[in-house]
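**Q** With the sequence up front, the predicted model follows.
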Amino acid sequence: PVVALADTVWSMAVAGVEHPTAWGLAASALEAHRGAPEFRSEPGVLLFQALTAHRHIAAAALRSDASPWPPPASVAADLCADQAIAAAWRERRAAVATPSAYGDAVAGMLEELGYAFDRDVEGADGLYTKPFVFKEGGIILDLSAASAQHPASRRPCGELLLRHRVWTSAGHTVLAISDSTWRQIAQKAALAADGAEDAAVATVTRQKVWLQAKVEGLRREELARQVDLPEATAEMLEGLPFGPDGLNADALKQLQQQPAIVRERSIAKFRAAWEDPQTSIRKPSGYMIRTIENEAEHYASEQKKKRLLEEQEQLRTEGRSALDAAGARPAGGWSHETGRALEDAKAGEKVNGQVTNILHGRVWVNAG
């Protein structure tokens, strides 16, 4: 039946099934129901969401040798392009996704924190609306009135999973925030405040601090992924500024190229300067790059000194072990007037001679 087929296709999209064979079978099953009246009702709306979402995800991962999705002139393609079904989907989307009561408050906090963003950005095909999209970095804040978790399983809801999968496939980083999160922060602020006025101020302050920490954490993770920064190094950067007015990809790329000890020292030096009220850092990325260069040079100098000391120790060790030789070195050295010049020797030539000394597997022979 079309109803069961719609549920199956939607579940495939939510579960992240990406194998072309599975979706090819789904397309073939839809062909068997071409012209079914159920496509004009709830099953068709569900299929529109699932098929359009998979189209976005498949397009982002499309290889040059792969076939496009959905197949041309197929039922799946017709469903994705049907404007009446798309309109019905938007009505359903509005019904199941109650707008957050904190949209304006979050917009105000973001403006105070200096983040540039756009609100309520709808995709070209009308599939999803992004509540907040940062102009730098592509972060999406997905505000919702209801919890993002299923009340029974406590796992993320299917609608949210599918929406976020579409956005992340397009290169976005997504942070889901339910209204209950803001209420919990407000409750904690009220408990710590002395009065109603103090509670209101404390609530806004705490919410702003929480939001900034989350956003900066996302920016840090996104930049770390871009430059393939080790996870342990990314964690060391927690609490530092990121983005156009903080540490950018150039600084993190420079950091990624260094040995672990240089990364650790550079971050510690930068953090100390950043947190020092007496130090003014106008260009964090430039400051970090100079710090990395200085620490790399210092580390190279340390390694050079270390190698020199090791060589000196090796020479002293060999000097002491010379006493273990089978015979003592003559006062005048091993050369003698009747000796054969070394340049006269030929590789592969067979010679006879007396063994004059042995030391740690090395043998000296008087071959003339």
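**A** Thanks, I have the structure now. Numbers count the residues shown, from 1 in each chain.
**Q** Now do the buried residues in stretch 71-82.
**A** Along stretch 71-82, these residues count as buried under the neighbour rule (16 or more other C-beta atoms under 10 Å): Pro71, Ser74, Val75, Ala76, Ala77, Leu79, Cys80, Asp82. Where you see a C-beta, it was placed from the backbone N, CA and C, and this is true even at glycine.
**Q** I should have written stretch 240-260 there, sorry.
**A** Buried, per 16+ other C-beta under 10 Å, within stretch 240-260: 240-243, 246-249, 251-252, 254-256, 258.
**Q** repeat for stretch 176-194
**A** Those would be Ala176, Ile177, Ser178, Asp179, Thr181, Trp182, Ile185, Ala186, Ala189, Ala193, for stretch 176-194 by 16+ other C-beta under 10 Å.
**Q** elements contacting the host helix or strand of the fifth one?
**A** Assessed by DSSP states H and E, Thr181 sits inside helix 179-192. Helix 179-192 sits against helix 196-227, with contacts defined as 3 or more C-beta pairs under 8 Å, 6 or more residues apart in numbering; DSSP states H and E.
**Q** orientation of the helix it packs on relative to helix 179-192 in degrees?
**A** 130 degrees (axes from the mean of the first three to the mean of the last three C-alpha atoms, to 10 degrees).
**Q** quick one on the thing from earlier: tell me which two of the buried residues of stretch 240-260 sit farthest apart.
**A** Gly243 and Gln258 (21.8 Å; C-beta to C-beta).
**Q** Helices of the protein, start to end?
**A** Counting by DSSP state H, the chain has these helices, from start to end: 2-15, 20-31, 42-60, 75-81, 83-96, 103-113, 158-169, 179-192, 196-227, 231-236, 249-256, 260-275, 284-321.
**Q** Just put the ones you listed in a markdown table and tack on distance to Val121 and mean pLDDT.
**A** Below are these laid out as a markdown table (distance: least, C-beta to C-beta, whole Å; pLDDT from 0 to 100):
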| stretch | distance to Val121 | mean pLDDT |
| --- | --- | --- |
| helix 2-15 | 22 | 94 |
| helix 20-31 | 28 | 92 |
| helix 42-60 | 15 | 91 |
| helix 75-81 | 20 | 93 |
| helix 83-96 | 14 | 88 |
| helix 103-113 | 13 | 95 |
| helix 158-169 | 11 | 90 |
| helix 179-192 | 21 | 90 |
| helix 196-227 | 17 | 86 |
| helix 231-236 | 28 | 88 |
| helix 249-256 | 24 | 92 |
| helix 260-275 | 33 | 95 |
| helix 284-321 | 28 | 86 |
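**Q** With distance to Lys350 as added columns, please give the ones you listed in CSV.
**A** Below are the helices of the chain laid out as CSV (distance: least, C-beta to C-beta, whole Å):
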stretch, distance to Lys350
helix 2-15, 76
helix 20-31, 70
helix 42-60, 71
helix 75-81, 82
helix 83-96, 91
helix 103-113, 84
helix 158-169, 73
helix 179-192, 87
helix 196-227, 60
helix 231-236, 59
helix 249-256, 57
helix 260-275, 53
helix 284-321, 31
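**Q** Figure out which of the ones you listed is closest to Ala341.
**A** That would be helix 284-321 among these, by C-beta to C-beta, at 26.6 Å.
**Q** What is the end-to-end distance of stretch 58-74?
**A** Using C-alpha to C-alpha, to the nearest Å, one end of stretch 58-74 lies 16 Å from the other.
**Q** Just the closest of the buried residues of stretch 71-82 to Gln354, please.
**A** Distance to Gln354, by C-beta to C-beta, is smallest for Pro71 among the buried residues of stretch 71-82, at 87.7 Å.
**Q** Surely the closest one and Leu79 touch.
**A** No: with contact defined as C-beta atoms under 8 Å, Pro71 does not count as touching Leu79 (11.9 Å).
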